[in-house]
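K.L.:
I would like the atomic coordinates for the input below:
(one chain, ligands or ions: 2)
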Amino acid sequence: MDCIFCKIIAGEIPSKKVYEDDTVYAFYDIAPQAPVHILVIPKEHVLSCAREIGAEHGALIAHIYEVMARLARELGLEGGYRVVTNAGEDAGQTVLHLHFHMLAGGQLGAMA
Ligand code: 5GP
Ligand code: ZN
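P.N.:
Ligands and ions are numbered 1, 2, ... in the order given. The predicted structure is shown next:
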């Protein structure tokens, strides 16, 4: 499959890893939109887009949010953070492998 994020997980494209476990991988975004910009993704290409999330993915999604909360503690993001998921064309999704943007490191602007 020609997926950038699958290639990152396979190590075919280098990335700056922040966290990894059996199911989730987190790494710094190549074009940061905030002082701290991390992408958190399922290791398996289970879903291309958040629009496909069903009840059967509940445990995975909950685990991703738990990982982000843990990262915030470990990275000292006491001021908070924002989670963004672009789902589909109107949101400007460019990589079709489910992913969560974690933005932090200062006062963030208003949301669009
Ligand atoms: P989307 O627009 O689909 O919500 O987000 C895709 C994100 O992936 C963008 O923020 C983009 O900067 C990031 N990205 C695309 N290619 C790469 C890459 O090769 N490495 C890293 N670290 N991030 C990437
Ligand atoms: Zn993929």
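
K.L.:
From now on I want contacts and neighbour counts done on CA atoms only, so please keep to that.
P.N.:
Fine.

K.L.:
Give me the neighbour count for Tyr25.
P.N.:
Look at Tyr25: counted by other Cα atoms under 10 Å, it has 22 neighbours.

K.L.:
if you look at the helix or strand containing it, does any of it touch ligand 1?
P.N.:
Per DSSP states H and E: Tyr25 is located in strand 24-28. Yes - under the criterion of Cα under 6 Å from any ligand atom, ligand 1 is reached by strand 24-28 at Tyr28.

K.L.:
Let me see the residues that make contact with the longest strand seen in the chain.
P.N.:
Longest strand in the chain, counting residues (DSSP state E): strand 36-42. For strand 36-42, contacts defined as Cα atoms under 8 Å, 6 or more residues apart in numbering pick out 18, 23-29, 60, 64, 68, 97-105.

K.L.:
before we move on, what about stretch 57-69?
P.N.:
Thr23, Val24, Val40, Ile41, Pro42, Met102.

K.L.:
at 7 Å instead, please
P.N.:
Stretch 57-69 has contacts (Cα atoms under 7 Å, 6 or more residues apart in numbering) with Val24.

K.L.:
Can you mark which positions in the longest helix along the chain are buried?
P.N.:
Longest helix of the chain, by residue count under DSSP state H: helix 58-74. Across helix 58-74, burial judged by 16 or more other Cα atoms under 10 Å covers Ile61, Ile64, Val67, Met68, Leu71, Ala72.

K.L.:
now the angle from that helix to strand 24-28?
P.N.:
Relative orientation of helix 58-74 versus strand 24-28 (axes from the mean of the first three to the mean of the last three Cα atoms, to 10 degrees): 40 degrees.
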